[in-house]
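1. Structure, please.
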Amino acid sequence: MTIIAYIYSDPLLETAPVSIDWGQEVERVYEDLGKRSGLNELLRDCESESVDCLLVRRLEELGDNLEEVSDRLNQLTALGIMVIATEQGYNSQTSHPHADLLKLLQHIQYQQRSRRIRQGHARNRLDAAPPPGKPPYGYRRGKGKYIIDRTTSPVVKDFFDHFLLYGSLRGAVRYLAKKYGKKISVTTGKRWLTNPVYRGDTAYQHGEIISDTHIPIISREEAAQIDRLLRRNSRLPSRAASAPRSLAGLVICQQCQSQMTITRVTQRHQNKEYLYLRPISCPQLPKCRAISYQEILHRTINQVCCNLPTAVAGLNSPELDTVKHSLGDAIARQQEILQQLPALVETGILDTQTAQLRAYKLRTEISALQAKLATLPPVNLLKVAQTVSIPQFWLDLSEVERRFYFREFMKQIEIVRQNQDWDLQVIFIF
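-> Numbering: from 1, shown residues only. This is a model prediction of the structure:
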């Protein structure tokens, strides 16, 4: 019994399978990737040779529409060839082949209509056109790309600027509602901060991103800073990120391992207030005592000024420079290959569709490498550390501004108690 198999793969939607277990021995396998030359060869061989059975995964692989599928199925059955669709449970020589086929026709028609829609979306991806759906707030659709909406984009830019200045998502959301009357949820605000569209990139299915497809609202440097702020805030208690005091969410008691909260104390008939840091849930008896906020703040600034340059100097090591250079070289190589594709099309080495697929893959790889590069510390971090290592720099800042810089460098502040005295240890994020 001569058994052959046929595989069709659409390069726009899928990759050709490496191997398929048909469940039985197959003499020949005909394969097509986009075109139907393999299927035409199969039909010619069936007319000139004796073939008993044809295996396919699904009947819709036999044509691009329902008419083509029916014609080729009739052509094969007229030659006495049994057609089996392994994933659909169809066999042309069962006792009720026509009934089984009628059940599949509607499904095949639906699948091919769905395939045509997905093919259209895939062609848009190859052209770096926006995906279907409403464009993000601040943009509108133009000629095959997003274009900035001059009416709403200033609102979005102001939202980003406020977040970059103060590092508070909830604060930026409140600012937007107060200044522009634009009310959004905190969840929507976080989606804005992480949306690739505002960075000039377009995101497609499966998380694939193509860079530099349209004019961005924020720069690459601002986007990298936003990502660092979001990672930093994720380590803090939910509401500490927008707290007005600079030490909020950073201080922990080393002895009882409790987070420290800021307590405000006032005296009757006096305007002066006193701030203390006390453990939230201390299990000790007696409980760990509260400590003056200003004393902890003063010692924190002294430790940052003394220890930060040394910590940053260790961070800017040759290994980090090697990683940056390696990523930069990889991006340059991919961009060089991308620039060679038009010449390969002109010389006939690649057809247009293959070149488009290759360009799409290269651009997504470049975007992934750029994302890795953006997660690394900025090159000027050592220079910044030298600037913020001057005590007067910290004293001249407001509490909100000081909060921003503290969280940029510090992961945690531990209170180390020594009998009636105490000291603190600043743990940097790097």
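2. bridging residues for T266?
-> The bridge-partner assignment for T266, based on DSSP bridges, gives E273.
3. got the contact list for it?
-> 272-274 (CB atoms under 8 Å, 6 or more residues apart in numbering). Placement of C-beta: from N, CA and C, glycine included.
4. ranking those residues by neighbours, who comes first?
-> Highest neighbour count within those: Y274, with 12 neighbours (other CB atoms under 10 Å).
5. Spatially nearest residue to that residue (excluding sequence neighbours)?
-> Among residues not flanking Y274 along the chain, V265 sits closest, at 4.5 Å (CB to CB, 6 or more residues apart in numbering).
6. Could you tell me whether V29 really is in a strand?
-> Yes - counting by DSSP: H, G, I helix; E, B strand; the rest coil, V29 is located in a strand.
7. Could you check how far it is from Y8?
-> Note on V29: its distance to Y8, by CB to CB, to the nearest Å, is 12 Å.
8. More neighbours: which of those two?
-> More crowded of V29 and Y8, by other CB under 10 Å: Y8, with 23 against 15.
9. The helix or strand hosting the more buried one pairs with which strands, parallel or anti?
-> Per DSSP states H and E: Y8 is located in strand 3-9. According to DSSP bridges, strand 3-9 forms sheet pairs with strand 28-33 (parallel), strand 53-56 (parallel).
10. Export that strand to CSV, keeping only CA atoms.
-> The C-alpha trace of strand 3-9 is given here as CSV (Å, rounded to 0.1, in the frame of the first residue of the first chain):
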residue,chain,number,x,y,z
ILE,A,3,1.0,6.1,1.3
ILE,A,4,2.0,9.7,0.7
ALA,A,5,1.5,12.9,2.8
TYR,A,6,1.1,16.6,2.1
ILE,A,7,1.9,19.6,4.3
TYR,A,8,1.0,23.2,3.6
SER,A,9,2.3,26.1,5.8
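11. in that strand, what counts as buried?
-> Neighbour counts over strand 3-9 (16 or more other CB atoms under 10 Å) mark 3-9 as buried.
12. one step back: any idea which of the contacts of T266 is closest to V51?
-> E273 (91.6 Å; CB to CB).
13. give me every residue that touches the closest one.
-> Under the criterion of CB under 8 Å, 6+ apart, the contact list for E273 reads 264-266.
14. What average pLDDT does stretch 372-391 get?
-> For stretch 372-391, the mean pLDDT works out to 75.
15. measure it end to end?
-> From its first residue to its last, stretch 372-391 covers 34 Å (CA to CA, to the nearest Å).
16. And the one helix or strand Y110 maps to, what does it pack against?
-> Element membership for Y110, per DSSP H and E: helix 97-126. Where contact means 3 or more CB pairs under 8 Å, 6 or more residues apart in numbering; DSSP states H and E, helix 97-126 is packed against helix 66-78, strand 90-91, helix 352-375.
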